[in-house]
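Peer 1: Okay, predicted coordinates and the sequence, questions at the end:
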Amino acid sequence: MGLSNMNFAGFGPKMIKGVMKKHNVMSLPNLIEMAQEQDVKLVACTMTMDLLGLQKEELLDNIDYAGVAAYLADAEDGNVNLFI
């Protein structure tokens, strides 16, 4: 079973992995591991989770959850912010 409603019968993840490999980008698990080693705060957008049909149990442990307003308030104090 795919992670979200955007799985497209398995084609979605394969397409993304192909694009990442083509552009020589590290794998998502490696990027997440590196971010956690550097104490990067990971915040899952609750509205996006609702749109994609994702539950907290399907995501990583030790991440925060917030809506857009809470994220923007928190991001105002950060040195670097990525909203993906």
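Peer 2: Sure thing, it's come through. Numbering: from 1, shown residues only.
Peer 1: What is the subsequent helix or strand relative to the helix ranked longest in the chain?
Peer 2: Scanning the chain for the longest helix, with DSSP state H as the assignment, gives helix 11-22. Next along the chain after helix 11-22, taking DSSP states H and E as the criterion, comes helix 28-37.
Peer 1: what is the rounded mean pLDDT of the next helix-or-strand element following that next one?
Peer 2: With elements assigned by DSSP H and E, the helix or strand that comes after helix 28-37 is strand 43-45. Mean pLDDT, computed over strand 43-45, is 90.
Peer 1: Show the pLDDT at residue 76.
Peer 2: Predicted confidence (pLDDT) for residue 76: 81.
Peer 1: again with residue 32
Peer 2: For residue 32, pLDDT reads 89.
Peer 1: cool, residue 64 as well?
Peer 2: 92.
Peer 1: Distance check, it against residue 38.
Peer 2: From residue 64 across to residue 38, the span is 16 Å (Cβ to Cβ, to the nearest Å). Using the backbone N, CA and C atoms, a C-beta is placed for each residue, glycine as well.
Peer 1: returning to that earlier point: quick check: mean pLDDT of the longest helix of the chain?
Peer 2: 83.
Peer 1: circling back: between residue 64 and residue 38, which is the more surrounded one?
Peer 2: The neighbour comparison of residue 64 against residue 38 (other Cβ atoms under 10 Å) goes to residue 64, with 11 against 7.
Peer 1: Is the more buried one in contact with residue 46, as I believe?
Peer 2: No - assessed by Cβ atoms under 8 Å, residue 64 is found out of contact with residue 46, at 10.2 Å.
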